[in-house]
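Trainee: Could you look at this predicted model? Sequence included:
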Amino acid sequence: MERERFGSRLGFIFVSAGCAIGIGNVWKFPYMCGEFGGAAFILIYLIFLLIMGIPVLVCEFAVGRGSQKSVAGSFEVLEQEGTRWHVGKWIGVVGSYLLMMFYTTVGGWLLYYCYRSIKGEFAGASAEEVGDGFTNMLANVPTMIFWTALVTVLGFAVCYFGIQNGIERVTKIMMSALLIIMVALAVHSVFMDGAGEGIRFYLVPDFKKMMEIGLGNVVFAAMSQAFFTLSIGIGAMLIFGSYIGKEQRLTGEALSITALDTLVALMAGFIIIPSCFAYGIQPDAGPSLIFITIPNIFAQMPGGRVWGALFFLFLTFAAFSTLVAVFENIISFGMDMFGWRRNKSVAVNVVAIIILSMPCVLGFNVLSGAAPLGAGSTIMDLEDFIVSNNLLPLGSLGYVWFCSRKNGWGWDNFIREANEGRGIRFPSGLRFYMAYMLPAIIAVIYLKGYYDKFVSLGTAALTLWMAAAVLFLGFVIYCAGGKAKE
């Protein structure tokens, strides 16, 4: 079966950027900028995007284009005989399914809130009514199931029509609309009375605050955000590398996608933070910012019904573009591993994802007593932790090693693939950095993430979870083992 192709370079960039652009850009990035020193944090974040995010992204694209397969089959095509790199494909397969087990729930929330905003339910509502609305939604099992299932069916429906007629066409429309809505919301936000203080909070470096927090903490926060923002490590980007031709070098493509992802993150800050300051509300992180704080602002704002509907439409597009991209990765598993046709893989996986999403959906109501990561945690927190704190960094570590080690694909093969075509070359002199320094940075992020997560639970819990971290890391080292046959 001939491999599908994107119809245009713009389509590839929009779809890949859509995968990277998600709700984390909207509520996490602006909050972290404010918490960790504004413009100083942004500068450090951009540096880490260049030295970490882009190299791993180029590795994923190169493996995809070189193998013409998804993560489910790419290692088998490129690895040397006698090695075990193919075992690492399960990080991508499991990670993609696990990500969609909770991301569909959040996508359903956003679609529901977009619907509520268009209906005008937040217009004139009190703060208590807005807060109760979010709580009631979480407790309402039929509502949660319906919107989760709806966003899942819509996402797979787009994928059913293939790369050019489905994903590329819809994503071009969504991303164009997202950028237009984003600019309109940002302009409206920065010209509000009292917004100037929020802009200063967001953009003016606060080195005193950085020193109070600790320079090391700020650097680590910027490093972590740069690493996770591009959705690298589970093959979600690799699949799109397999759908492009050899006309363009991959470094330029990675830079374009990273720039678009960063633009959306920065613009989200201009939308949210000045609005919060204009209405005397400190920006916060997590679901409360999006589903309680922001609706309260629109409830007080002149024309709030229109601006609120646009805001949640913007968020829905951001989430839906990620859903569609990862759904395509999941569909490709059945096609590459079992030889299924696209329509069969879509049919099987739409049912599978809806069923697999139920633990997360029920974790806010029927199974709300479960606290897998300590008091106050939910099933969604556990699923997110496994993906964000484990599979993304470990998968990225695997790609970097695979492209730089002699018993992997090999540096020469990687450089040849990455630099085929026109555009910016990937520096061939970075082999030592890619083989040793970047893996060390990723390992530090991974282990420190575990430490920060469980240190508050006591010595016994921390020891147990750190042992689990070492075991997960050992799995990646095992995959990287094996001696190539002569």
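Mentor: Okay, I see it. Numbers count the residues shown, from 1 in each chain.

Trainee: quick one: contacts of stretch 355-366?
Mentor: Contacts to stretch 355-366, defined as CB atoms under 8 Å, 6 or more residues apart in numbering, come from residues 97, 100-102, 104-105, 138-141, 144-145, 148, 152, 367, 370, 378-380, 383. For every residue, glycine as well, the C-beta is placed using N, CA and C.

Trainee: filter the residues you listed to the buried ones?
Mentor: 97, 100-102, 104-105, 138, 144-145, 148, 152, 378-380, 383 (16 or more other CB atoms under 10 Å).

Trainee: which ones among the contacts of stretch 355-366 are found in helices?
Mentor: For those, the ones inside helices are 97, 100-102, 104-105, 138-139, 141, 144-145, 148, 152, 379-380, 383, with DSSP state H as the criterion.

Trainee: Out of these, which comes closest to residue 293?
Mentor: Nearest to residue 293 among the ones in helices among the contacts of stretch 355-366: residue 138, at 16.3 Å, using CB to CB.

Trainee: What does the pLDDT read for the closest residue to residue 219 other than its chain neighbours?
Mentor: Ranked by CB to CB, 6 or more residues apart in numbering and with sequence neighbours excluded, the top spatial neighbour of residue 219 is residue 44, at 6.0 Å. Looking at residue 44, its pLDDT is 87.

Trainee: The one 4 residues further on too?
Mentor: Predicted confidence (pLDDT) at residue 48: the value is 88.

Trainee: residue contacts, it?
Mentor: 222, 223, 226, 227.

Trainee: can we see that at 7 Å?
Mentor: 222, 223, 226 (CB atoms under 7 Å, 6 or more residues apart in numbering).

Trainee: My guess is the first one contacts residue 41. True?
Mentor: This means residue 222. Yes. When contacts are counted by CB atoms under 7 Å, residue 222 is listed as touching residue 41 (5.7 Å).

Trainee: chain center to the helix or strand that contains residue 463: distance?
Mentor: With elements taken from DSSP states H and E, the one containing residue 463 is helix 459-479. Chain-centre distance of helix 459-479: 24 Å, with CA atoms, centre = their mean, to the nearest Å.

Trainee: Against which helices or strands is that helix packed?
Mentor: helix 392-404, helix 438-454 (3 or more CB pairs under 7 Å, 6 or more residues apart in numbering; DSSP states H and E).

Trainee: now with 10 Å?
Mentor: helix 89-119, helix 392-404, helix 438-454 (3 or more CB pairs under 10 Å, 6 or more residues apart in numbering; DSSP states H and E).

Trainee: Tell me where the stretch 251-400 of the chain has helices.
Mentor: 287-288, 294-300, 304-338, 342-362, 379-386, 392-404 (DSSP state H, counting those that start in this stretch).

Trainee: With distance to residue 274 as extra columns, can I get these in a markdown table?
Mentor: Formatted as a markdown table, these follow (distance: least, CB to CB, whole Å):
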| stretch | distance to residue 274 |
| --- | --- |
| helix 287-288 | 19 |
| helix 294-300 | 11 |
| helix 304-338 | 13 |
| helix 342-362 | 33 |
| helix 379-386 | 29 |
| helix 392-404 | 31 |
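
Trainee: So for residue 59, which of those helices sits nearest?
Mentor: Nearest of the helices of the stretch 251-400 of the chain (CB to CB): helix 392-404, 4.3 Å.

Trainee: CA-only coordinates of the helix or strand just after the closest one in PDB, if you can.
Mentor: Counting by DSSP H and E, the element after helix 392-404 in chain order, helix or strand, is helix 411-418. Output of helix 411-418 as PDB, limited to C-alpha atoms (Å, rounded to 0.1, in the frame of the first residue of the first chain):
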ATOM      1  CA  TRP A 411      24.700   9.100  13.400                       C
ATOM      2  CA  ASP A 412      25.700   9.100   9.700                       C
ATOM      3  CA  ASN A 413      22.300   7.700   8.700                       C
ATOM      4  CA  PHE A 414      20.500  10.200  10.900                       C
ATOM      5  CA  ILE A 415      22.400  13.200   9.600                       C
ATOM      6  CA  ARG A 416      21.900  12.000   6.000                       C
ATOM      7  CA  GLU A 417      18.200  11.800   6.500                       C
ATOM      8  CA  ALA A 418      17.900  15.100   8.500                       C
END
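
Trainee: between helix 411-418 and helix 392-404, how big is the angle?
Mentor: 100 degrees (axes from the mean of the first three to the mean of the last three CA atoms, to 10 degrees).

Trainee: any idea which helix or strand of the chain has the worst average confidence?
Mentor: helix 287-288 (a mean of 64; mean pLDDT, DSSP states H and E).

Trainee: so which of the ones in helices among the contacts of stretch 355-366 comes closest to residue 8?
Mentor: residue 100 (26.9 Å).

Trainee: if I look at that closest one, how far off is residue 249?
Mentor: 31 Å (CB to CB, to the nearest Å).

Trainee: do residue 188 as well
Mentor: Distance from residue 188 to residue 249, by CB to CB: 39 Å.

Trainee: and if you look at residue 388?
Mentor: Applying CB to CB to residue 388 and residue 249 gives a distance of 30 Å.

Trainee: and the helices and strands packed on helix 459-479 as JSON lines, adding mean pLDDT and distance to residue 257?
Mentor: Converted to JSON lines, the helices and strands packed on helix 459-479 look like this (pLDDT from 0 to 100; distance: least, CB to CB, whole Å):
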{"stretch": "helix 89-119", "mean pLDDT": "93", "distance to residue 257": "18"}
{"stretch": "helix 392-404", "mean pLDDT": "93", "distance to residue 257": "16"}
{"stretch": "helix 438-454", "mean pLDDT": "84", "distance to residue 257": "19"}
